[in-house]
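*Asks:* only geometry, no sequence info:
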């Protein structure tokens, strides 16, 4: 079948994308212990290779994979989880798939490939079962509580104490105690629910996330001398953490980003503003001068 140079270049671009993703899926599959997850990724890799061969039948030319893209998505998947990595990659691929429609009526196989890309692979990706995503509830509990409680505590302490080192000390003690308390509560809650989740792992996820959030929010008070600037940096860090976490969940679990982000950010900032006012009032009413 004769094709124009323009169509040929498009097909070579599709080939490169398909063979690159074939290597990414195969490479990730070799790192996964779960037989079911490994089988899913191997099936998708086989589909990508077949699509590559279908495009090659028209171009009659081999195309090398994008080594940089392979390394990038492999690293992302290893660090942030294979579910997040492959779904992020599929989101990027969606932009390429938009060009498939231009080949309708020109390339006979395009409808079949589009159908497989849009349905089969997405259905397989929904079957992925990753441990860290099963414990999302525990992670959300630790993160949300740390953000709401500690931003509020630090905001109140900022006006009440007006000393960055003292605020950091008090906030750290409060945060560490709350982290252990939340971990213990999550352990007991998960154990009583009799779910498939391991109570000990749920407690670890909650406690570790809480402690990590405490460290990030306290750092400005340790690094800066101006308590108002420290509070501003802490609030900015809280919003950034909320944005990054919700983006991760939106990609990994195919959930909406905007609503969750606005809800968490609004709640944390509202509590911080209220606590800031409480700190000012208590300082005034009790005549404390630290």
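*Replies:* Structure's in. What do you need? Just so you know, these numbers come straight off a predicted model, no measurement behind them.

*Asks:* From the centroid of this protein, which residue is nearest?
*Replies:* residue 248 (1.6 Å; Cα atoms, centre = their mean).

*Asks:* gap between the strand or helix carrying it and the chain center?
*Replies:* For residue 248, the host element (DSSP states H and E) is helix 227-252. Relative to its parent chain, helix 227-252 has a centroid offset of 13 Å by Cα atoms, centre = their mean, to the nearest Å.

*Asks:* and the gap between residue 41 and residue 176?
*Replies:* 40 Å (Cβ to Cβ, to the nearest Å). In short, each C-beta sits where N, CA and C put it, glycine included.

*Asks:* between those two, who's got more neighbours?
*Replies:* Taking other Cβ atoms under 10 Å, residue 41 and residue 176 do not tie; residue 41 has more neighbours (25 against 15).

*Asks:* so the more buried one sits right up against residue 25, yeah?
*Replies:* Yes - between residue 41 and residue 25 there is a contact at 4.9 Å, judged by Cβ atoms under 8 Å.

*Asks:* Common neighbours of these two, please.
*Replies:* Here residue 41 and residue 25 have residue 86 as joint contacts, going by Cβ atoms under 8 Å, 6 or more residues apart in numbering.

*Asks:* what mean pLDDT does stretch 83-102 have?
*Replies:* Averaged over stretch 83-102, pLDDT sits at 70.

*Asks:* again, but for stretch 242-249
*Replies:* 84.

*Asks:* swap in stretch 168-186?
*Replies:* 86.

*Asks:* Which positions within that stretch qualify as buried?
*Replies:* 168-172, 174-175, 178-179, 182-183, 186 (16 or more other Cβ atoms under 10 Å).

*Asks:* got the residues you listed as CSV, with secondary structure and distance to residue 221 columns?
*Replies:* Converted to CSV, the buried residues of stretch 168-186 look like this (DSSP: H, G, I helix; E, B strand; the rest coil; distance: Cβ to Cβ, whole Å):
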residue, secondary structure, distance to residue 221
168, helix, 4
169, helix, 9
170, helix, 10
171, helix, 7
172, helix, 9
174, helix, 13
175, helix, 12
178, helix, 17
179, helix, 17
182, helix, 21
183, helix, 24
186, helix, 27
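
*Asks:* Just send those back as TSV, with distance to residue 237 too.
*Replies:* Shown next, in TSV, are those (distance: Cβ to Cβ, whole Å):
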residue	distance to residue 237
168	14
169	19
170	18
171	13
172	15
174	17
175	14
178	18
179	17
182	20
183	22
186	24
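
*Asks:* What segments of the stretch 101-250 of the chain are helices?
*Replies:* 110-115, 121-126, 131-134, 136-161, 164-193, 199-223, 227-252 (DSSP state H, counting those that start in this stretch).

*Asks:* Quick check: which of these is nearest to residue 273?
*Replies:* Closest approach to residue 273 among those is made by helix 136-161 (7.2 Å; Cβ to Cβ).

*Asks:* what's near enough to touch the nearest residue to residue 221 once chain neighbours are set aside?
*Replies:* Excluding the flanking residues, the one nearest residue 221 by Cβ to Cβ, 6 or more residues apart in numbering is residue 168, at 3.9 Å. By Cβ under 8 Å, 6+ apart, the residues touching residue 168 are 218, 221-222.

*Asks:* how close does residue 168 sit to residue 183?
*Replies:* Residue 168 is 22 Å from residue 183, by Cβ to Cβ.
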